[in-house]
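Undergrad: starting from these lines, generate the structure:
(one chain, ligands or ions: 2)
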Amino acid sequence: MARLHSRDEPAAAPVTTTSAVRLTKVTKYYGSAASGVAALDQVSVGITPGTFTSVMGPSGSGKSTFLHCAAGLDRPTSGTVHLGGQDLARLDETRLTELRRTRVGFVFQAFNLLPSLTAAENITLPLRLAGTRADDGWVRDVTGRTGLSGLLERRPAELSGGQQQRVAVARALVTRPEVLFADEPTGALDPDTALEILALLRQTVTDLHQTVVMVTHDPVAAEHGDHVLFLREGRIVRHLDRPTAEQVRHIMSGLRGTS
Ligand SMILES: Nc1ncnc2c1ncn2[C@@H]1O[C@H](COP(=O)(O)OP(=O)(O)O)[C@@H](O)[C@H]1O
Ligand SMILES: [Mg+2]
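TA: Residues are numbered from 1 along each chain as shown. Ligands and ions are numbered 1, 2, ... in the order given. Sure thing, here's the model as predicted:
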């Protein structure tokens, strides 16, 4: 007789993947709720570990606010953010600062390196701030992957824009963060150098299974990612998988046209 499911066998569990970062009904007001519109309005989304997500939308649509709330740089007015399973609202300021230093990496448009430190010192700064010893093998691996091995003793002023941004990517990777967040990381670079940085971010996802969330205006930049989230007036209004620059351009012009 064919064996049927016995009563004490658990029903097939729903497939749940833990998100690298998950926002649930996140609303953010700057100032008081009565005084204006929400920069983020009931945003719910989970980012799958080991994927490359771009966040796009017209100027003022809430992209930077999304990134800051997701990374624990800013607290939502309501709703919850889980990073690597940790509810950020449960952390006091000290532990939130610690989380920002060790569990998220940040890359900014303007590189934000410390001018008086060498490339090597900039890269290992997050480890020193966190009071942890550098794992020399990992630091060598990161500097090799970012193509910086011969440039480690230089100060930022002695590096090109693309090289400085590679230092910033290495610094963001050095703590093995849950998520690497980037806000317009190619905004200050010429097109060829921008492609180099996008290829580097792509490699960290493909080779290191790093999770990357990047804000960008550039449809070509978004093409390097796996997914795109489109924001408009603080809400996620579209998702796109395996984006092409042409599809992204089309959706963006629609969002601008109706806002
Ligand atoms: N610190 C702030 N104080 C007040 N309003 C802000 C602040 N930061 C952003 N905003 C407002 O929130 C909205 C979303 O801003 P932002 O997240 O920077 O958008 P984006 O990055 O898409 O251009 C905008 O209306 C902006 O003016
Ligand atoms: Mg912005």
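Undergrad: now for residue 168: which residues touch it?
TA: When contacts are counted by CB atoms under 8 Å, 6 or more residues apart in numbering, residue 168 touches 107, 108, 111, 112, 113, 122, 185. Quick note: C-beta positions are derived from backbone N, CA and C, even for glycine.
Undergrad: from the residues you listed, list the buried ones, please.
TA: 107, 108, 111, 113, 122, 185 (16 or more other CB atoms under 10 Å).
Undergrad: what helix or strand is the closest residue to ligand 2 within the stretch 51-200 of the chain located in?
TA: Proximity of the stretch 51-200 of the chain to ligand 2 (CB to the ion) peaks at residue 64, 3.3 Å away. Using DSSP states H and E, the element containing residue 64 is helix 63-70.
Undergrad: counting by contacts, list what that helix packs against.
TA: strand 21-28, strand 40-47, strand 52-56, strand 78-83, strand 179-183, strand 212-215 (3 or more CB pairs under 8 Å, 6 or more residues apart in numbering; DSSP states H and E).
Undergrad: what's next to the strand or helix carrying residue 97, contact-wise?
TA: Using DSSP H and E, residue 97 sits within helix 93-102. Residues outside helix 93-102 that contact it (CB under 8 Å, 6+ apart) are 71-73, 83, 86, 88, 91, 126, 129-130, 132, 175, 177.
Undergrad: what is the nearest of those to residue 253?
TA: residue 71 (29.0 Å; CB to CB).
Undergrad: tell me how far residue 162 lies from residue 120.
TA: Counting by CB to CB, to the nearest Å, the separation of residue 162 from residue 120 is 18 Å.
Undergrad: that older thread, quick one, what contacts the residue of the stretch 51-200 of the chain closest to ligand 2?
TA: Counting by CB under 8 Å, 6+ apart, residue 64 touches 183, 215.
Undergrad: give me the pLDDT value at the residue most central in space within the chain.
TA: Taking CA atoms, centre = their mean, the centroid of the chain lies closest to residue 181, which sits 2.2 Å from it. The model reports residue 181 with a pLDDT of 98.
Undergrad: return the residues in contact with it.
TA: Contacts for residue 181 (CB under 8 Å, 6+ apart) come out as 67, 70, 71, 104, 105, 106, 107, 212, 213, 214.
Undergrad: return the closest of the residues you listed with respect to residue 191.
TA: residue 214 (16.6 Å).
Undergrad: show the pLDDT at the closest one.
TA: With respect to pLDDT, residue 214 scores 98.
Undergrad: again with the one 10 residues further on
TA: Here the pLDDT value assigned to residue 224 is 96.
Undergrad: what's the closest non-adjacent residue to it?
TA: residue 198 (4.3 Å; CB to CB, 6 or more residues apart in numbering).
Undergrad: with residue 116 instead?
TA: Once flanking residues are discounted, residue 116 sits nearest to residue 155: 7.2 Å by CB to CB, 6+ apart.
Undergrad: just residue 140 next, same as before
TA: Residue 140's closest residue in space is residue 149 (CB to CB, 6+ apart), at 7.9 Å.
Undergrad: count of neighbours near that neighbour?
TA: Residue 149: 10 surrounding residues under other CB atoms under 10 Å.
Undergrad: which pLDDT does the model give it?
TA: In this prediction, residue 149 carries a pLDDT score of 93.
Undergrad: quick one: it and residue 142 touch, right?
TA: No. Under the criterion of CB atoms under 8 Å, residue 149 makes no contact with residue 142, lying 10.3 Å away.
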